[in-house]
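Asker: coords below, sequence missing:
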């Protein structure tokens, strides 16, 4: 985890300069988010290019080679440390296991042939989950994230229940709604503090899950449009991913989050402490 920024906080702007100040802060925040999304953006570029450029091997196999090379490039350029890549590899394994089960149950499919396939799942698919892990790991470092009043055990327990529910709902009642309510309850009063332009800001943890879920839903629509995978209702012609998936992503991202939170140094979370006022 990066150490807290040593720069002094920005002076409070005058009322006349305030709109320009917050516009600049928004641009700074967008730039930091763009850097955090670098791996995911590169994966989307790979999806798009592989759909139109002639390839010497099946497209999904080419995407696997591309994703491995991309990971090596990020490590070589020191965009991600070896420790961070090892952590992101965990997302690849967890995601691939999820894919093997869900594809076998018919939740979605991969329409193109490939050599590197296990039970109908191309191995490149794990890198899509690794992209989510890369975003969280990089955002944690670039924005110097800090958790306040984070209930690690309770949040982790709910995240595990969320993951299991996505597997068991094929036979048992779907508990997404009660799990969402439970997640809000265990994260009530938990804040994520982050730094933009030398200023310390904060956001409720549950709201951050929802916002990430929105962007993942948008990304999912783009990915299915590029035939990265397909849902059953998209088998003949592409259609918008159902908005209900937005909530599913907001829940599923908790699994990624608790993995990173448990991997980070314990000293970078603050439990049961008053929440300082943001500037």
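Answerer: Ah, there it is. Computed from a predicted model, the values in this text were never measured in an experiment. Residues are numbered from 1 along each chain as shown.

Asker: how about the strands in the stretch 51-200 of the chain?
Answerer: 117-118, 121-122, 146-148, 191-196, 199-204 (DSSP state E, counting those that start in this stretch).

Asker: Which of these sits closest to residue 91?
Answerer: The closest of the strands of the stretch 51-200 of the chain to residue 91 is strand 121-122. By Cβ to Cβ, the value is 15.5 Å. For glycine as for every other residue, the C-beta is placed from the backbone atoms N, C-alpha and C.

Asker: what's the closest one packed up against?
Answerer: Applying 3 or more Cβ pairs under 8 Å, 6 or more residues apart in numbering; DSSP states H and E, one finds that strand 121-122 contacts helix 59-76, helix 82-104.

Asker: Could you work out which of these reaches nearest to residue 261?
Answerer: helix 82-104 (11.2 Å).

Asker: if we can go back for a sec, to residue 177, which of the strands of the stretch 51-200 of the chain lies closest?
Answerer: So among the strands of the stretch 51-200 of the chain, strand 199-204 is nearest, using Cβ to Cβ, at 19.6 Å.

Asker: Describe which strands that closest one pairs with in its sheet and in which direction.
Answerer: strand 191-196 (antiparallel) (DSSP bridges).

Asker: ok so, going back, just the strands of the stretch 51-200 of the chain: most buried one?
Answerer: strand 121-122 (a mean of 24; mean count of other Cβ atoms under 10 Å).

Asker: Direction included, what does that strand pair up with?
Answerer: strand 117-118 (antiparallel).

Asker: Check residue 19 and give its pLDDT.
Answerer: Here, the pLDDT recorded for residue 19 equals 79.

Asker: Quick check: the gap between it and residue 106.
Answerer: To residue 106, residue 19 is 51 Å away according to Cβ to Cβ, to the nearest Å.

Asker: can you list the strands of the stretch 51-200 of the chain in TSV and add distance to residue 154 and mean pLDDT?
Answerer: Below are these laid out as TSV (distance: least, Cβ to Cβ, whole Å; pLDDT from 0 to 100):
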stretch	distance to residue 154	mean pLDDT
strand 117-118	35	92
strand 121-122	32	94
strand 146-148	13	94
strand 191-196	16	95
strand 199-204	16	94
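
Asker: and of those, who's closest to residue 260?
Answerer: Using Cβ to Cβ, the strands of the stretch 51-200 of the chain put strand 146-148 closest to residue 260, at 10.7 Å.

Asker: Just checking: what are the partner strands of the closest one?
Answerer: strand 191-196 (antiparallel), strand 269-270 (parallel).

Asker: which residue sits closest to the most centrally placed residue in the chain, ignoring its sequence neighbours?
Answerer: Nearest residue to the geometric centre of the chain (Cα atoms, centre = their mean): residue 132, 3.1 Å. Spatially, and ignoring its direct neighbours in sequence, residue 132 is nearest to residue 256 (5.2 Å; Cβ to Cβ, 6 or more residues apart in numbering).
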